[in-house]
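S.K.: My questions are about this predicted structure, shown below with the sequence.
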Amino acid sequence: MLNRRGLIGASLAGSALLSGKASAGETITKLDGPCVISTWDFGVAANQAAWAVLSKGGRALDAVEAGARIPEQDLKNHSVGRAGYPDRDGHVSLDACIMDELGNCGSVAALEHIAHPISVARRVMEKTPHVMLVGAGALQFAIEQGFQYEELLTPESKVAWEAWKKDAKYAPKANSEVGDYGKTTGQLGTPGGANNHDTIGMLAIDAKGNIAGACTTSGMAWKMRGRVGDSPIIGAGLYVDNEVGGATSTGVGEEVIRNVGSFLVVELMRQGRSPEAACREAVERILKKKPQAKDIQVGFLAVNKKGEVGAWAIQSGFSYALCDGKKQDLLLPGKATYQVAS
Ligand code: GLY
C-alpha cells in the first residue's frame, strides 16, 4: 500500500507529480492524466514532442512515434538514429519497435540507411501481416514505403570509429563505447554515466487512458555486423499491456533479451508490484543469473495503468524524463543496485 507524503524536492514544485515512500523504501511517482516518460536526459526533448500530440487529445501511439523521432534526428546523439555510432565494419544499423494499446506491434532490426526506424517499425505494424522485418528486407520495405535512403555515417561518427579501430583489435565488447563515447569531445563516460546513453524507450498514456510505447537505438557501438539488441524485440526492449501498464529498457541488450526484461516487468506489475519494484526485480533477476553483469548497465522504466512510474538500473547514472499536464521537463535519477563513481 502506498503511503504518499506529498510533493518532494524543488524540481517537483508546482507539478502534478506526487512522490512518496512505499513500505520498503520504495519511491512512487504518479503522473496525472495524459503523460509520457522516456529513458535518459534526451528523453526530455522527446517527451515534449510527444506532449504536443497528447496535449491536443492525440493518441499515445502517435505521441511515442513523434517523441522517438527527436533523438533519431539529433546529430549529437551517437546512440540513437541517424548519427548513431556504426558497427565494427563502419555500417550504421538501427533497431526499433513500437506497440499500441491493442497489442499491435511492429519492429525493424539491423536496418541501414533509413534515419527514422521507429516510423518504419510503425509501417511494419500497420501495413504488413508481420511483426518484424530485418536487414535488407527491412530496407527494401522502407524504400517501398517512401522512406529516403541516406548515408547515415556522420563525419564525427567516422572519426570515433577510426579512433576505436586503432587499438580495439576488431573485438566487439559490451559497453565498449564507455571508453570511446565522447572521445572526440573529451567527455568520456562511465558505464551508465552521462556520456554512455543508449536507447530511448518511451511510454505514453493518452486522454483515453490508452498506453503505447516505442523504443529505438543504434545499438552497441562497434558491434559485430548483424548484431541485434533488445530494443526491437517485443517483450525484451518494450512491452505494453493496456490492462496493466508498459515497460522499456536501456543498456546492454543481450542481458535484457536473456531475461525477456520488459515483459517480465509488466507481468510483475500485473501480479501487484509497483513499477519501481517490478523494475528492480527484473534487474535483480539479471544479476542473480549472472553476477558479473554488475559491470555493465541495464535500466528498466515502467508505468502502470494508474500513471505510477518507476525505474531501476544495475548501475547508478541512469536517468529518466517525465512529462504530464503540469510539468513537461522533469528529469529524475534512476535508482540502482550498484553505485558507480562518475
Ligand atoms: N539496449 C540497446 C542495445 O543493446 O542494443
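M.R.: Great, that's in hand.
S.K.: Run through the residues of the protein sitting next to the ligand.
M.R.: Residues of the chain lying close to the ligand (C-beta under 6 Å from any ligand atom) are 198-199, 217, 219-220, 229-231, 250-253. (Each C-beta comes from the backbone N, C-alpha and C, glycine too.)
S.K.: those helices in the stretch 101-250 of the chain, which residues are they?
M.R.: 117-127, 135-144, 155-168, 177-180 (DSSP state H, counting those that start in this stretch).
S.K.: Between those, which one is closest to Val340.
M.R.: helix 177-180 (10.6 Å; C-beta to C-beta).
S.K.: Quick test: name the residue nearest the centre of this protein.
M.R.: Gly201 (2.3 Å; C-alpha atoms, centre = their mean).
S.K.: you'd agree that residue is up against Ala214?
M.R.: Yes - the pair Gly201 / Ala214 is scored as a contact, 7.5 Å apart, by C-beta atoms under 8 Å.
S.K.: Name the residues contacting each of the two.
M.R.: Common neighbours of Gly201 and Ala214, counting by C-beta atoms under 8 Å, 6 or more residues apart in numbering, are Leu238.
S.K.: Mind checking the helices of the stretch 101-250 of the chain for the one nearest to Cys323?
M.R.: Once the helices of the stretch 101-250 of the chain are compared by C-beta to C-beta, helix 117-127 is nearest, at 17.9 Å.
S.K.: Name the residues of that closest one that are buried.
M.R.: Buried residues in helix 117-127, counted by 16 or more other C-beta atoms under 10 Å: 117-125.
S.K.: pLDDT of it, averaged?
M.R.: For helix 117-127, mean pLDDT rounds to 98.
S.K.: Secondary structure element for Gly310, which one?
M.R.: Using DSSP states H and E, Gly310 maps to strand 308-315.
S.K.: Just the CA trace of that strand, in CSV.
M.R.: The C-alpha trace of strand 308-315 is given here as CSV (Å, rounded to 0.1, in the frame of the first residue of the first chain):
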residue,chain,number,x,y,z
GLU,A,308,2.5,5.5,-11.4
VAL,A,309,6.1,5.5,-12.7
GLY,A,310,9.2,3.6,-11.5
ALA,A,311,12.7,2.7,-12.7
TRP,A,312,15.7,0.7,-11.6
ALA,A,313,19.2,0.1,-13.1
ILE,A,314,22.1,-2.1,-12.4
GLN,A,315,24.4,0.9,-12.0
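S.K.: counting contacts, what elements does that strand pack onto?
M.R.: Contact here means 3 or more C-beta pairs under 8 Å, 6 or more residues apart in numbering; DSSP states H and E; on that basis strand 308-315 packs against strand 27-30, helix 275-289, strand 298-304, strand 319-324, strand 336-338.
S.K.: Apply 7 Å and report the result again.
M.R.: Packing partners of strand 308-315 (3 or more C-beta pairs under 7 Å, 6 or more residues apart in numbering; DSSP states H and E): strand 27-30, helix 275-289, strand 298-304, strand 336-338.
S.K.: roughly how far is it from the heart of the chain?
M.R.: In terms of C-alpha atoms, centre = their mean, to the nearest Å, the centre of strand 308-315 is set 12 Å apart from its chain centre.
S.K.: Could you report the neighbour count for Asp89?
M.R.: Look at Asp89: counted by other C-beta atoms under 10 Å, it has 14 neighbours.
S.K.: I'd guessed it sits against Gly226; true?
M.R.: No - if you go by C-beta atoms under 7 Å, Asp89 and Gly226 don't touch, sitting 9.9 Å apart.
S.K.: Where does pLDDT dip in the stretch 51-200 of the chain?
M.R.: Flagging of the stretch 51-200 of the chain using pLDDT under 70 yields the residue ranges 172-197.
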